[in-house]
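Chemist: next comes the sequence, and after it the predicted model I'd like to discuss.
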Amino acid sequence: MNAPRSLTLFNTFGRRAERFEPLHPGEARVYTCGPTVYNHAHIGNLRTFLFEDLLCRALGHLGYRVRQVMNLTDVDDKTIRGALEQGVTLAAYTEPFIASFFADLDRLQVRRAELYPRATEHVPEMIALVERLIEKGAAYASDGSVWFRIASDPEYGRLSGIDPEATRRGERVASDEYEKEDVRDFVLWKGAKEGEPAWDSPWGPGRPGWHIECSAMAMKYLGETFDIHCGGVDNIFPHHENEIAQSEGATGVRFVRYWVHAEHLLVDGEKMSKSLGNQYTLGDLIARGARPRAVRYLMQSVHYRQKLNFTFTSLEAAGAALRRIDDFRFRLEHAAEGGAGGAALAAPTAAFEERFDAALADDLNVSGALGALFEWVRETNGAIDRGALGGGDRERLLAALARADEVFGVFDAARWPESSGGPEEAEIESLVAAREAARQSRDWATADRLRGELAALGVTVEDTPSGPRWKRA
């Protein structure tokens, strides 16, 4: 097996691009913050999950063995509040949203992580981690709760650049209802409240704080130090900052080597909010005629460190880009091959693959990778027009396209059995076949009538030497 290709990633820790050097040669251990399962994921969440999928696919494409773990936050203030409001157990409340999350991943063809640990199933590990922090003087118990002592960490703020003297309580941090030494300290274990789910602990019944959950699960499955931790930029502070403080406070070793964060998604240039009516789920987009394949392409076509402005116009443009790929694939699959192949197209194909891989290795430069792809498509279409395909070229070119699709996952329409909201493909194929039969028998009136029926269904037909090809307008 060849050595993995060297790549650089922008490390939020230090705010600079760094060469990726994994702890275990040839292996990338990746922890990705998963959903808090109190609601259906919106497209801002999905942008982050698709970025993480692209990262893991790119690492695999470049030769690394990838071990990805993504947590499911199924106990926190929001899930508890929702369960209480509905009068159901925490598990009964969160399970439908967990199912919805995985359904979205499947519709977007996101590859599954190796593990999806649930917070509620790892409370003993969280308690053990809190105990280690207390033993080291980095945490203290107060009134049934346990707090991390910010003053014990002189480097607090090293990820976010936040001055600990200026920190304020975040929405996930308990307020004055609990006693703590310093307003900056954050909760590790929350003492039980009446009616809330609780677990036994050395400090009495209670439940874990949000931050401790990720530290405990990440270290259990990836080790006390691992390679990459991902999430959205909104996680940098306080969540990831607190993960570093409590993890390194307990172990005394570096927690994560590379912190990689995705920027926000905007809708029509504005931040998503319920009040503006622009907070869409994938289901909302599909109901408005969007195809998951186009959603995936759009979400991955903008660099992860740039804000992505979602519009329905940009979604249409994504569909148009995919149609270029589909047309190219059709031409390639049906073009005639000549004699000995390889000479005319070998060099441009090798150049395309090198440029594609080099772009991915440059902090996931998707614009460069897609630019290389579409330039190669244009050059290859020209070769097809000139009749320059030789024996075996089709197979080699389709293999190159398939290798690129290992990363983006959208270049083969046959892998996306999604409804268009229009006529069934079997009906279209039947009409196209009937029209072709009419043409072969020189029944031009019937052929024209069937072409009109297809046009009324939003389908155009192109007659080629290899037979008819159709596409939706």
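Modeler: Perfect, I can see it now.

Chemist: for this protein, which segments count as helices?
Modeler: 43-61, 77-86, 90-107, 123-135, 210-222, 241-251, 282-287, 292-300, 312-334, 343-361, 366-385, 393-408, 425-440, 444-456 (DSSP state H).

Chemist: quick one: the second one to chain centroid distance?
Modeler: The reference is to helix 77-86. Distance of helix 77-86 from its chain centroid, counting by C-alpha atoms, centre = their mean, to the nearest Å, is 27 Å.

Chemist: that one - contacts with which helices or strands?
Modeler: When contacts are defined as 3 or more C-beta pairs under 8 Å, 6 or more residues apart in numbering; DSSP states H and E, helix 77-86 packs onto helix 90-107. In this view, the C-beta of every residue, glycine as well, is placed from N, C-alpha and C.

Chemist: where does the stretch 101-250 of the chain have low pLDDT?
Modeler: Along the stretch 101-250 of the chain, segments meeting pLDDT under 70 span 166-179.

Chemist: can you map out the strands along it?
Modeler: 139-142, 145-148, 186-191, 206-208, 226-232 (DSSP state E, counting those that start in this stretch).

Chemist: Glu436 is nearest to which of these?
Modeler: strand 226-232 (50.0 Å; C-beta to C-beta).

Chemist: and for the closest residue to Gly319 other than its chain neighbours, the neighbour number?
Modeler: With C-beta to C-beta, 6 or more residues apart in numbering as the criterion, Gly319 has its nearest non-adjacent residue at 4.4 Å, and that residue is Ala294. Residues contacting Ala294 under the criterion other C-beta atoms under 10 Å number 23.

Chemist: distance of Ala294 from Arg472?
Modeler: Distance, Ala294 to Arg472, using C-beta to C-beta, to the nearest Å: 12 Å.

Chemist: Glu427 now?
Modeler: 13 Å.

Chemist: equivalent analysis for Gly206, please.
Modeler: Distance from Gly206 to Arg472, by C-beta to C-beta: 56 Å.

Chemist: what of Leu285?
Modeler: 18 Å.

Chemist: which one of those two is surrounded by more residues?
Modeler: Legend: neighbour count by other C-beta under 10 Å for Leu285 and Arg472, higher for Leu285 (19 against 14).

Chemist: list the contacts of the residue nearest to the more buried one when sequence neighbours are not counted.
Modeler: Here the nearest residue to Leu285 in space, its sequence neighbours aside, is Val295; by C-beta to C-beta, 6+ apart that works out to 6.1 Å. When the contact criterion is C-beta atoms under 8 Å, 6 or more residues apart in numbering, the partners of Val295 are 43, 46, 108, 282, 285, 315, 318.

Chemist: please point out which parts of stretch 310-326 sit buried.
Modeler: 310, 314-315, 318-319, 321-322, 325-326 (16 or more other C-beta atoms under 10 Å).

Chemist: okay, it in CSV with CA atoms only?
Modeler: Extracted in CSV, the C-alpha atoms of stretch 310-326 (Å, rounded to 0.1, in the frame of the first residue of the first chain):
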residue,chain,number,x,y,z
PHE,A,310,-28.0,29.2,0.5
THR,A,311,-30.5,30.4,-2.1
PHE,A,312,-32.9,28.5,-4.3
THR,A,313,-31.1,30.1,-7.2
SER,A,314,-27.8,28.6,-6.1
LEU,A,315,-29.6,25.2,-5.7
GLU,A,316,-30.7,25.4,-9.3
ALA,A,317,-27.1,26.2,-10.3
ALA,A,318,-26.0,23.1,-8.4
GLY,A,319,-28.5,21.1,-10.4
ALA,A,320,-27.2,22.5,-13.7
ALA,A,321,-23.6,21.6,-12.7
LEU,A,322,-24.7,18.1,-12.0
ARG,A,323,-26.5,17.9,-15.4
ARG,A,324,-23.1,18.8,-17.1
ILE,A,325,-21.6,15.7,-15.3
ASP,A,326,-24.6,13.5,-16.3
